[in-house]
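K.L.:
Sequence and computational prediction follow.
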There are 4 protein chains.
Amino acid sequence: MHLFDRFSTGHMRLGRIEGFSDGVFAIVVTLLVLDFTAPVLRNASNPEELGHHLITMLPALLSWMISFIIVCKFWLNHHWALGLAAYADYGVVWLNSIFLMFQSFVPFPTDLMGRYPANPVAVSLFGIVMALNTFLFMALQSYIFKHLLKPECANERDPNGTIKALVGPLFYLIGAAVAWRCTPASFVFYIITPLFFITPPTRKTEEQATDENSRAAAS
Amino acid sequence: MHLFDRFSTGHMRLGRIEGFSDGVFAIVVTLLVLDFTAPVLRNASNPEELGHHLITMLPALLSWMISFIIVCKFWLNHHWALGLAAYADYGVVWLNSIFLMFQSFVPFPTDLMGRYPANPVAVSLFGIVMALNTFLFMALQSYIFKHLLKPECANERDPNGTIKALVGPLFYLIGAAVAWRCTPASFVFYIITPLFFITPPTRKTEEQATDENSRAAAS
Amino acid sequence: MHLFDRFSTGHMRLGRIEGFSDGVFAIVVTLLVLDFTAPVLRNASNPEELGHHLITMLPALLSWMISFIIVCKFWLNHHWALGLAAYADYGVVWLNSIFLMFQSFVPFPTDLMGRYPANPVAVSLFGIVMALNTFLFMALQSYIFKHLLKPECANERDPNGTIKALVGPLFYLIGAAVAWRCTPASFVFYIITPLFFITPPTRKTEEQATDENSRAAAS
Amino acid sequence: MHLFDRFSTGHMRLGRIEGFSDGVFAIVVTLLVLDFTAPVLRNASNPEELGHHLITMLPALLSWMISFIIVCKFWLNHHWALGLAAYADYGVVWLNSIFLMFQSFVPFPTDLMGRYPANPVAVSLFGIVMALNTFLFMALQSYIFKHLLKPECANERDPNGTIKALVGPLFYLIGAAVAWRCTPASFVFYIITPLFFITPPTRKTEEQATDENSRAAAS
């Protein structure tokens, strides 16, 4: 098809894609705090009344922290994956844009789960959105591995990588399913899952190699 | 006139203009999600009530996705067009600022169309704003072609470019007109139109050339 | 004094200050659109009702456009002024931060003037804030001229610069005063004033020189 | 433990971490202004009514200014601390993310203190959040000193640094405690504390050295 052929054309600097992506990530994590709104107090200087309101916000605080950690995890892995690409074609630009679209959606299920932590629809929506984000990230990553990989990063490909990567969305989806029985259990799943992916695969990275090269070039 | 003469002066780095523009694009696409607000439930843990609310948000979801894709499309073409310029004068800075002004306006008609998907005013306003954005982008692009084109990008100019480019605003305006008969038909127009421009013109780009030059220089 | 001495120490790259400033400028201009909120319609698909609401938003639209142009003008002049500095000390960092503080304040008087365009307090507050911003920018600029000027930019200093620069705040303050007689006249002042400063002083700039140097160095 | 070992792996460019951090800082300081919302007037063109509303917003204005200065102070010290690192491992990425999480939280206690300046809970929460932010920054800084310090920055370590640094959180916590007796006294503490840290330690910095090196390299 003509449309799909066009995606493999284009030869863009990665810098502006990273700048745009970093902007979206930074705004997403910062907008999360807009979910906290100051309560309307009947007695403005009453500490008990405000203290009570703050305590009812604890689930929203937990939901915010989980989301923040997950988005930072995506940011770190995104950084790693784009570092493997030699350049960007239009295919990677659009896969990246669709991934960022659902990253930018994260504040909504976060707000919903923080507001209605005992509602199975709110809690399972959070897990479904995170699973979707992980699938989109996997698509982005395997496109880079297939079409844009720097020659010096060939040894970065992990033969069991796909199976390992599926652990993430699987756990998010189990968390989403569990919400219909016991919503606090879902929170446990959502807290544990990002810990598996808190660092990208840790063999010698291309950046290290690049740094060494650039040091060698500089000296 | 004195005022207009001053626009052709100035000789600025493109980097900071791109940084400012990328910031605006990133914020625009991320603010779109603020259109989704958590509903106020009578029974906080009732899944049916929340589920029903989420279903009524489907038009807002569709409106958000259309906008996201269109803004990413503008970002990609903006990236391409600025890549053709050898430097920036004050004329391009101001054309760029006015273009960004109406990009930053996009969240408002998106919200309106998502909230009132059966209201001809809301749906046609969306198309008019997108047509206006396309005209402003065309002005920016032809200014670059006329005054700031890098010598090595001379072959990027497409003799039929203007006619092809007019397809975009034409379709948005048809979509806007159709809203007064049948608003769902407008959605179809708004989904199809950006697909024509999903990649910039795809002959060998200057960045490819630059990359090759820089590789040659490095080796 | 010990405190003030410390400001002249420090020797920082300008890149990260520009990145932070560009971020603030980009967010300020994009947040301006949050002033437009979708009206609550009694009949969701009634075009007359929505159309009527949109017409009442015209002053807000005008207020938004004026603010957008003024902030872009500050961005362009800020870009120019920082381009004159050889490096950044802590004094320029803090003058820049205080300038950005009042730039980030701009959405509030913009919203107020757009909502209450016939209220002298709202309309004059807008002019006062813009005059204050201009004074803060002048302080930033003269600090750079006095302490951080690149040797090759010595001819950028305009002996009549301060008098010319005072035209800006003077006009904003006249606009603010006029609001107490006739608010539409203030709008005229606020539209005209930025036009005087729509381009920075246009002698040969340091960037042009730098570009020429770098081209010379590259060849 | 396996998890903690992984943190010391990774070898990333500092540029993208700075870009992401600068984005978060820029958005945090700009979102602070969203705390100011236009009042709903009964008589839209009545200057007394609007003027009276603006006067009641003075504590919010003060709260906003204090927060803005404190976040800028964190930005400047963050800039300084990252400038000491030779590269980034995953440990510094995550310490940085957790620090940014609580930076992004700042708009909430700022809003609360501005809205309820006589409520001990609101005023002391502000001090506690700022103390927490200072502790997190100290953790980030000492991690850099221990694991990632550039060899040429060895003389940046101040033997009394930790004791001096503890002055900050101590003063914020005293301010928080004082709120239960007299909230205006807390404001005084919150204004004075950042002044101690308004510039990073001011011995010859690595950037100066780097600049000199790069000048030497260029000539």
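P.N.:
That came through fine.
K.L.:
tell me the contacts of residue A:45?
P.N.:
D:116, D:118-119 (C-beta atoms under 8 Å, 6 or more residues apart in numbering or on different chains). Bear in mind the C-beta positions are built from the backbone N, C-alpha and C, glycine included.
K.L.:
spatially speaking, which residue is in the middle of chain A?
P.N.:
residue A:74 (3.2 Å; C-alpha atoms, centre = their mean).
K.L.:
and that one, what helix or strand is that in?
P.N.:
Counting by DSSP states H and E, the element that carries residue A:74 is helix A:58-82.
K.L.:
what helices or strands is that helix leaning on?
P.N.:
If you count contacts as 3 or more C-beta pairs under 8 Å, 6 or more residues apart in numbering or on different chains; DSSP states H and E, helix A:58-82 packs onto helix A:14-31, helix A:90-105, helix A:107-115, helix A:120-143, helix A:183-196, helix D:90-105.
K.L.:
between the first one and helix D:90-105, what angle do the directions make?
P.N.:
On the basis of axes from the mean of the first three to the mean of the last three C-alpha atoms, to 10 degrees, helix A:14-31 is oriented at 50 degrees to helix D:90-105.
K.L.:
Is the helix or strand following helix A:14-31 positioned near chain D?
P.N.:
The C-terminal neighbour of helix A:14-31 among helices and strands, as given by DSSP H and E, is helix A:47-56. Yes. Applying C-beta under 8 Å from any C-beta of the partner chain, one finds helix A:47-56 in contact with chain D at A:47, A:50-51, A:54.
K.L.:
among the contacts of residue A:45, who's most crowded?
P.N.:
residue D:116 (26 neighbours; other C-beta atoms under 10 Å in any protein chain shown).
K.L.:
list the contacts for that one?
P.N.:
Residue D:116 touches A:38, A:41, A:44-45, A:50, D:122-123, counting by C-beta under 8 Å, 6+ apart.
K.L.:
how much space is there between the residue nearest to the centre of chain A and residue A:149?
P.N.:
In this view, residue A:74 and residue A:149 are 21 Å apart by C-beta to C-beta, to the nearest Å.
K.L.:
check contacts around the residue in chain A positioned nearest to chain D.
P.N.:
Nearest to chain D, among the residues of chain A, is residue A:26, at 2.9 Å (C-beta to the nearest C-beta). With contact taken as C-beta under 8 Å, 6+ apart, residue A:26 is in contact with B:26, D:20, D:23-24, D:26-27.
K.L.:
Quick check: the two most widely separated of these?
P.N.:
The span of those, defined through C-beta to C-beta, is set by B:26 and D:24 at 12.5 Å.
K.L.:
ok so, going back, which member of the contacts of residue D:116 is positioned nearest residue B:165?
P.N.:
Distances from residue B:165 to the contacts of residue D:116, taken as C-beta to C-beta, are shortest for residue A:38 (48.0 Å).
K.L.:
how near is the closest one to residue D:161?
P.N.:
Residue A:38 sits 37 Å away from residue D:161, going by C-beta to C-beta.
K.L.:
Comparing those two, which shows the higher neighbour count?
P.N.:
More crowded of residue A:38 and residue D:161, by other C-beta under 10 Å: residue A:38, with 18 against 15.
K.L.:
if I look at that one, how far off is residue D:23?
P.N.:
Here residue A:38 is placed at a distance of 25 Å from residue D:23 (C-beta to C-beta).
K.L.:
low pLDDT regions in chain A?
P.N.:
A:1-8, A:10, A:159, A:202-219 (pLDDT under 70).
K.L.:
Of all the residues in it, which one is nearest chain B?
P.N.:
residue A:23 (3.0 Å).
K.L.:
what's the closest non-adjacent residue to that residue?
P.N.:
If the residues on either side of it in the chain are set aside, residue A:23 comes closest to residue B:26, at 3.0 Å by C-beta to C-beta, 6 or more residues apart in numbering or on different chains.
K.L.:
swap in residue A:73?
P.N.:
Of all residues not flanking residue A:73 in the chain, residue A:194 sits nearest, at 4.7 Å (C-beta to C-beta, 6+ apart).
K.L.:
same thing with residue A:100?
P.N.:
Among residues not flanking residue A:100 along the chain, residue A:24 sits closest, at 4.8 Å (C-beta to C-beta, 6+ apart).
K.L.:
mind listing what that neighbour touches?
P.N.:
Contacts for residue A:24 (C-beta under 8 Å, 6+ apart) come out as A:100, A:103-104, B:26, B:29-30.
K.L.:
show me what contacts the residue of chain A positioned farthest from its centre?
P.N.:
The C-alpha centroid of chain A is most remote from residue A:43, which lies 40.8 Å away (C-alpha atoms, centre = their mean). Residue A:43 makes contact with residue A:49 under the criterion C-beta under 8 Å, 6+ apart.
K.L.:
Could you pull up phi and psi at it?
P.N.:
Backbone geometry at residue A:43, expressed as degrees, to the nearest 10, gives phi -120, psi 110.
K.L.:
how close does the spatially closest residue to residue A:16 that is not a sequence neighbour sit to chain C?
P.N.:
Once flanking residues are discounted, residue A:16 sits nearest to residue B:79: 5.7 Å by C-beta to C-beta, 6+ apart. According to C-beta to the nearest C-beta, to the nearest Å, residue B:79 stands 16 Å off from chain C.
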